[in-house]
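Novice: Dropping a prediction and its sequence here:
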Amino acid sequence: MKKILVVEDNRLDRKIIVHILKENFGNKIQIDEASEGLTAAEKLSQSVFDLVVTDLIMPKIEGIELIRNIKSKFPFCNIIAVSGSKPYYLYLAKKLGIQGVFTKPIDNDRFISSVQNILNIRSMKDAINI
């Protein structure tokens, strides 16, 4: 089972991302949530995650700082950044060596495909079409 941490200060956006992941990967993943970067950093120090999906503009610790922190402490952790504003932040995030960047609203098909490739798992829809 793959572990994913979803970090998003906007509750509705966080729930949408969690829903997309659960709908497409079901019991192949375990999801934890954080509403801001400081809580995410605490969760990362307590557990190993295969993927972190993080917003970039958040209170306490912004996404770019969180990404730098993850890259220095957990260099093999995969990261996807999501942002509804500041395209330059997405550019900076990509330059830090993360696996994907997405603007809000998220393109579901592209997002799911990216998660599949990063975690090397099939979605439930793909499993039905075999």
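Specialist: Happy to help now that I have it. Numbers count the residues shown, from 1 in each chain.

Novice: I'd guess Val115 is in a strand, am I close?
Specialist: No - counting by DSSP: H, G, I helix; E, B strand; the rest coil, Val115 is not found in a strand; it is helix.

Novice: what's the distance between it and Ile106?
Specialist: Using CB to CB, to the nearest Å, Val115 is found at 11 Å from Ile106. (Glycine included, C-beta is placed from N, CA and C.)

Novice: Equivalent analysis for Lys22, please.
Specialist: Using CB to CB, Lys22 is found at 14 Å from Ile106.

Novice: Was I right to think Ile31 contacts Val7?
Specialist: No - when contacts are counted by CB atoms under 8 Å, Ile31 is not listed as touching Val7 (11.4 Å).

Novice: More neighbours: which of those two?
Specialist: A count of neighbours by other CB atoms under 10 Å puts Val7 above the other of Ile31 and Val7, at 29 against 18.

Novice: Need the pLDDT of that one.
Specialist: With respect to pLDDT, Val7 scores 98.

Novice: Mind checking which of Lys22 and Ile106 has more residues around it?
Specialist: A direct count of neighbours by other CB under 10 Å for Lys22 and Ile106 places Ile106 higher, at 19 against 14.

Novice: Helix, strand, or coil at the more buried one?
Specialist: coil.

Novice: my guess is it meets His19, correct?
Specialist: No - Ile106 is beyond contact range of His19, at 11.1 Å (criterion: CB under 8 Å).
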